[in-house]
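Asks: only geometry, no sequence info:
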């Protein structure tokens, strides 16, 4: 990391742009390890990498695996959230919510329909729900809403919601909420809430604390009843939602395949990896031990990342499914990342066989050329 920053600083000082390999982190597709080498003052991110190309939507994709490639602009956001100066972000979140006025209009619309809905009224009802709810409000917490990082969180959340309510067919088999929902289990005016969170039991640390490994697939989808608030409490819920549980379990189980075929979910996983890695670097004071002040990567004037349009509003997504004689109209989401939860002592995994320490010892700096910041 510090060698990358030095190489970037040199280019900027010479009036040159950051290279493509810098922008796309030398083709890295996952962060598997974070290493500290106090003797050389190096902090190292390690993981799989490959050649890459940018797809028509501007996403860098690996040639070999098709996996999403990590981006420097996102890493900068993660590191700035956990800088050497010690401030830290508690929660990085996205929520897409109807307005209070929209909810009131929806209740009035549903009251006007009463129990008279018939299949021939489906299109009118869906249109009426969309019109009454209006645009939904996007709320981004913990990071700047003007970043690529924020854009990915919003897109992943919105598209997950579309899959859940049956409006987007995923490229892998996922049990949608809409396909399993039972009218008896769902209040007529219920809004479904699902959240992306990290799989918090994902961090293994060596006994000398110079190495960390991220294990597993990193991302879970959970229901509102499982969401832990920043204060440690849980969101209260009165009902058992079998369809919702089937959906979040299926989505989580299929996440690796989905991330492979739909790049935005690979990008979301990369953001979570970066955020937990950055939180770990700060918590272990790798900054201090490496003597790294992150002066260039932390400087918005030198490396601007707040360059995107803030997503404020999105269209309400509504589907209509007839279950027998009952019309169901699920509307459903969010992202909630609390990186330091993954670093709580009771969640950390031990390096019992010492393999992590051995991997750390295999990294050598003696053969690196002047200015070299990545290597195989």
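Replies: That came in fine, so what should we check first? Note that the structure is predicted; figures quoted are calculated from it, not measured.
Asks: burial measure for residue 302, as a count.
Replies: When neighbours are counted by other Cβ atoms under 10 Å, residue 302 registers 13. To be clear about C-beta, it is placed using only N, CA and C from the backbone, and glycine gets the same treatment.
Asks: Same question for the one 3 residues further on.
Replies: Residue 305 sits with 21 neighbouring residues when counted by other Cβ under 10 Å.
Asks: Surely residue 194 is in contact with residue 241?
Replies: No - look at residue 194 against residue 241 with Cβ atoms under 8 Å: they stay out of range, at 10.0 Å.
Asks: shared neighbours, those two?
Replies: Here residue 194 and residue 241 have residue 223 as joint contacts, going by Cβ atoms under 8 Å, 6 or more residues apart in numbering.
Asks: Got the phi and psi for residue 131?
Replies: Residue 131 adopts backbone torsions of phi -70, psi -40, taken as degrees, to the nearest 10.
Asks: residue ranges with poor pLDDT in the stretch 151-300 of the chain?
Replies: Within the stretch 151-300 of the chain, the stretches with pLDDT under 70 are 183-192, 225-240.
Asks: That one: strands as residue ranges?
Replies: Along the stretch 151-300 of the chain, counting by DSSP state E, counting those that start in this stretch, strands occupy 194-198, 203-205, 211-214, 219-223.
Asks: Make CSV from these and add mean neighbour count to it.
Replies: CSV is the format used below for those (neighbours: other Cβ atoms under 10 Å):
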stretch, mean neighbour count
strand 194-198, 24
strand 203-205, 20
strand 211-214, 24
strand 219-223, 22
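Asks: Identify the residues contacting the residue nearest in space to the middle of the chain.
Replies: The centre of the chain sits closest to residue 268, judged by Cα atoms, centre = their mean, with a distance of 3.5 Å. By Cβ under 8 Å, 6+ apart, the contact list for residue 268 reads 152-153, 156, 196, 219, 259, 335.
Asks: Residue 103: which of those is nearest?
Replies: Each of the contacts of residue 268 was checked against residue 103 using Cβ to Cβ; the closest is residue 335, at 21.5 Å.
Asks: Tell me how many other residues crowd the closest one.
Replies: Neighbours of residue 335 (other Cβ under 10 Å): 26.
Asks: so what's it bridging to?
Replies: Here residue 335 sits in beta bridges with residue 94, residue 196, going by DSSP bridges.
Asks: From residue 213, how far out is it?
Replies: Computed as Cβ to Cβ, to the nearest Å, the residue 335 to residue 213 distance reads 24 Å.
Asks: Looking at the contacts of residue 268, which is nearest residue 140?
Replies: Distances from residue 140 to those, taken by Cβ to Cβ, are shortest for residue 153, at 7.0 Å.
Asks: What ranges in the stretch 1-150 of the chain fall below the confidence cut-off?
Replies: Low-confidence segments of the stretch 1-150 of the chain, defined by pLDDT under 70: 114-115.
Asks: any idea how far residue 338 is from the residue nearest to the centre of the chain?
Replies: From residue 268 to residue 338 the distance is 15 Å (Cβ to Cβ).
Asks: Surely residue 209 and residue 284 touch.
Replies: Yes - with contact defined as Cβ under 8 Å, residue 209 and residue 284 form a contacting pair (5.9 Å).
Asks: Compare the two (neighbour count), which wins?
Replies: Ranked by neighbour count (other Cβ under 10 Å), residue 209 and residue 284 place residue 284 first, with 18 against 13.
Asks: Surely that one and residue 36 touch.
Replies: Yes - the pair residue 284 / residue 36 is scored as a contact, 7.2 Å apart, by Cβ under 8 Å.
Asks: where along the stretch 151-300 of the chain do the helices fall?
Replies: 177-180, 242-253, 255-261, 263-283, 286-290 (DSSP state H, counting those that start in this stretch).
Asks: per the record, what domains does this structure have?
Replies: Listed domain ranges for the chain are 2-98+134-362, 99-133 (source: automatic domain parsing).
Asks: Deepest in the core, which of the ones you listed is it.
Replies: Ranked by mean neighbour count, the domains of the chain are led by domain 2-98+134-362 with a mean of 18 (mean count of other Cβ atoms under 10 Å).
Asks: Now do that domain: distance to the chain's middle.
Replies: Computed by Cα atoms, centre = their mean, to the nearest Å, the separation of domain 2-98+134-362 from the middle of its chain amounts to 2 Å.
Asks: May I have the distance across that domain, first residue to last?
Replies: 19 Å (Cα to Cα, to the nearest Å).
Asks: Include distance to residue 371 when you put the domains of the chain into a markdown table, please.
Replies: Output for the domains of the chain, formatted as a markdown table (distance: least, Cβ to Cβ, whole Å):
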| stretch | distance to residue 371 |
| --- | --- |
| domain 2-98+134-362 | 6 |
| domain 99-133 | 53 |
